[in-house]
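>>> please work out how this folds:
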Amino acid sequence: MWRRQFAVYVMVGLASAAVDVGLLWVLLAIGVWRTAAVGIGLIAGMVVNYLLHMRVTFRAASAADLRSVALYVSIVLVNYLITLGFVEAGAMFGHPIVLWKLASLPVIALIGFLFTRRFVFV
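Purely as a prediction, here's the structure:
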């Protein structure tokens, strides 16, 4: 069960990351402020992530309810702050923002899996 679930989790995460990072790249290219671009990309990726994890990864028996959405949003907010920390650290040293965004993904993926599995889709 864990192996299959983790494999699906990773695939869903890759799809979500593609939405997240792809949108970040486009927004930065058109001149959107980096903090807003990171937030918009993260939110779009997390919406895709939530819906796919609810239906595919964790096969939730019921539709989204207020409790699960609130818990998920809490995890997203923590992940957003972690992501901003990575991006701002990269910017401080003059490194490409998208590279540091990519570096944050394993950290927020681990946090997301552990907390989502334990608290959101129980």
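>>> centroid residue for this structure?
Most central in the chain under Cα atoms, centre = their mean is residue 46, positioned 4.8 Å from the mean C-alpha point.
>>> could you look up the SS state of that one?
Per DSSP: H, G, I helix; E, B strand; the rest coil, the local secondary structure of residue 46 is helix.
>>> ok, now which ones touch it?
Residues counted as contacts of residue 46 (Cβ atoms under 8 Å, 6 or more residues apart in numbering) are 16, 20, 72, 76, 79. Heads up, the C-betas are built off the backbone N, CA and C, glycines and all.
>>> hang on, the fourth one packs against residue 43?
Yes. In terms of Cβ atoms under 8 Å, residue 76 counts as a neighbour of residue 43; the distance is 7.4 Å.
>>> looking at those two, which has the bigger crowd around it?
Applying other Cβ atoms under 10 Å to residue 76 and residue 43 shows that residue 76 carries more neighbours, namely 21 against 15.
>>> how about that one, what does it touch?
42, 43, 46.
>>> could you redo the last one with a cut-off of 10 Å?
The contact partners of residue 76, by Cβ atoms under 10 Å, 6 or more residues apart in numbering, come to 42, 43, 45, 46, 47, 49, 50, 83, 108, 112, 116.
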